[in-house]
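In: Based on what follows, work out the 3D shape:
(one chain, ligands or ions: 2)
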Amino acid sequence: MAPPQGSRAPLEFGGPLGAAALMLLLPVTMFHLLLVARSGPARLLGPPPYLPGLEELWSPWALLLCLTWLGLQAALYLLPARKVAEGQELKDKSRLRYPINGFQALVLTALLVGLGVSAGLPLSALPEMLLPLAFAATLTAFIFSLLLYLKALVAPASALAPGGNSGSLIYDFFLGRELNPRICSFDFKYFCELRPGLIGWVLINLALLMQEAELRGSPSLAMWLVNGFQLLYVADALWYEEAVLTTMDIIHDGFGFMLAFGDLAWVPFTYSLQAQFLLYHPQPLGWPLASFICLINAVGYYIFRGANSQKNTFRKNPSDPRVADLETISTATGRRLLVSGWWGMVRHPNYLGDLIMALAWSLPCGVFHLLPYFYFLYFTALLVHREDRDERQCLQKYGLAWHEYCRRVPYRIVPYVY
Ligand SMILES: NC(=O)C1=CN([C@@H]2O[C@H](COP(=O)(O)OP(=O)(O)OC[C@H]3O[C@@H](n4cnc5c(N)ncnc54)[C@H](OP(=O)(O)O)[C@@H]3O)[C@@H](O)[C@H]2O)C=CC1
Ligand SMILES: CC(C)CCC[C@@H](C)[C@H]1CC=C2C3=C(CC[C@@]21C)[C@@]1(C)CC[C@H](O)C[C@@H]1CC3
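Out: Numbering: from 1, shown residues only. Ligands and ions are numbered 1, 2, ... in the order given. Purely as a prediction, here's the structure:
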């Protein structure tokens, strides 16, 4: 299939071969983690305890649950929003509108789940269903990506993403062809990025906490910490939902298998790994160490939130008194770049904060297993790669001014290290 004119971009993720490998590797890794988390030795690098048969993976009930969850989140997305935000300018100079009601969806989901549990909904049975649920979510993501690929075939050229239209079927299916696939005002990518996966992640964490309470009389301190930290992270993402409109996922990447699988399966089933590990491998944790871990998470959150808010405030209104005194450099596009404050310390201070939090989420699981540190390791790789992609895009956008920024702020993520 010929690529549409004018939309050639350098291939990422190792081209079609890399995309094919990732499409296999990502689901295999997710199932591996789900299996080893519940096994005795819980070895990240060892073989899985056994290979599950199709009868253990496939359950029509799990698929029904998965689709009901998506339906519920879609219904909450369609409720009246406190605000409707405009996205970045598109190729055709138009701007899309997005409802800002993600936090409301989180609160309403919590109320519904609370009502359900008090009426006898067996939430603590969810951990037993993680394998078939993950399988159903993977299947859903695959079929959904296929439909998105087909939808893109009839989309106008102006609706296509810069990156996912190479002409290679595998590569484009993986990266996604259409930038903002929508039906009427329902934006699939924006919906998936923040709602079903992130809220599903905290729901799975809660179910694991409840099962631990059933098994051992009460949830452990380690389980409380992991639940609390990750709930804060998800609530923050939904509270500052508008900020996602300026991420490269929304502005640059198409919606294909990578994001569909990432949002619907990878996030809920692998980001809940620490809580899964703790259910099967309880870890003693005293208050002094717990307080120290809370401090690490607080430092990470302070940097993460401070950096993200500073940039978002500056991008919305550079004369805002909170950012007006910061030093900046001008670029040929008319937009300026911050060179003092958080963004003068390293070029991605928000990634640094995020990584510190990732470490704090693993520490309650002790230091004798590598498995709960998977998220930290994977996330380091993801952010280093993401940072590299972002730098290339910024260089393209800002040219010489970006070189000047790199000269003034030489470190990327960790001061004096990287
Ligand atoms: N938990 C998870 O799995 C993931 C979490 N994240 C988190 O999501 C958040 C968003 O991350 P992400 O979308 O990658 O990128 P960023 O929020 O870091 O945004 C990068 C953009 O910021 C702008 N920018 C860069 N430097 C400056 C500067 N000095 N002054 C002003 N603007 C600048 C540029 O865009 P422009 O100039 O066009 O505004 C650049 O493209 C982060 O906190 C990250 O840690 C991200 C990925 C996965
Ligand atoms: C599994 C693949 C290799 C990659 C999948 C990537 C996705 C899981 C992530 C891509 C960007 C994401 C962002 C977030 C969650 C993970 C994904 C979807 C946040 C919503 C997390 C909370 C932050 O506050 C904002 C993030 C934006 C990017």
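
In: residues touching V36, list them.
Out: By C-beta atoms under 8 Å, 6 or more residues apart in numbering, the contact set of V36 is A42, R43, L44, G46, P48, P49, L371. Glycine gets a C-beta too; all of them are placed from N, C-alpha and C.

In: do the same with S185
Out: By C-beta under 8 Å, 6+ apart, the neighbours of S185 are R97.

In: And for E242?
Out: E242 sits next to K83, A85, Y98, I100, N312 when contact means C-beta under 8 Å, 6+ apart.

In: Need the pLDDT of it.
Out: We have a pLDDT of 92 for E242.

In: What distance do you get for it to R82?
Out: Separation of E242 from R82 (C-beta to C-beta, to the nearest Å): 11 Å.

In: same question, T247
Out: Applying C-beta to C-beta, one obtains 21 Å for the distance of T247 from R82.

In: With W61 instead?
Out: Taking C-beta to C-beta, one finds W61 at 35 Å from R82.

In: who has more neighbours, T247 and R82?
Out: Using other C-beta atoms under 10 Å as the criterion, T247 and R82 rank with T247 on top: 13 against 9.

In: Up against ligand 2, what does the stretch 51-200 of the chain have?
Out: Counting by C-beta under 6 Å from any ligand atom, the positions of the stretch 51-200 of the chain adjacent to ligand 2 are E193, L194.

In: on that earlier part again, now, which of the contacts of V36 sits nearest ligand 2?
Out: Ranked by distance to ligand 2 (C-beta to the nearest ligand atom), those are led by L44 at 16.9 Å.

In: Check for me that the closest one belongs to a strand.
Out: No - read with DSSP: H, G, I helix; E, B strand; the rest coil, L44 is coil and lies in no strand.

In: list the contacts for it?
Out: So L44 contacts L33, V36, H369, L370, L371, Y373, F374 (C-beta under 8 Å, 6+ apart).

In: in terms of contact, does the first one touch Y373 like I think?
Out: No - checked against C-beta atoms under 8 Å, the pair L33 and Y373 is beyond contact range at 11.8 Å.

In: thinking again about what came up before, could you dump the contacts of E242 to a markdown table with neighbour count, pLDDT and secondary structure?
Out: Listed next are the contacts of E242 as a markdown table, based on neighbours: other C-beta atoms under 10 Å; pLDDT from 0 to 100; DSSP: H, G, I helix; E, B strand; the rest coil:
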| residue | neighbour count | pLDDT | secondary structure |
| --- | --- | --- | --- |
| K83 | 10 | 91 | coil |
| A85 | 16 | 91 | strand |
| Y98 | 23 | 95 | strand |
| I100 | 17 | 95 | coil |
| N312 | 16 | 90 | helix |
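
In: quick check, nearest of the residues you listed to I143?
Out: Of all the contacts of E242, Y98 has the smallest distance to I143: 24.9 Å, by C-beta to C-beta.
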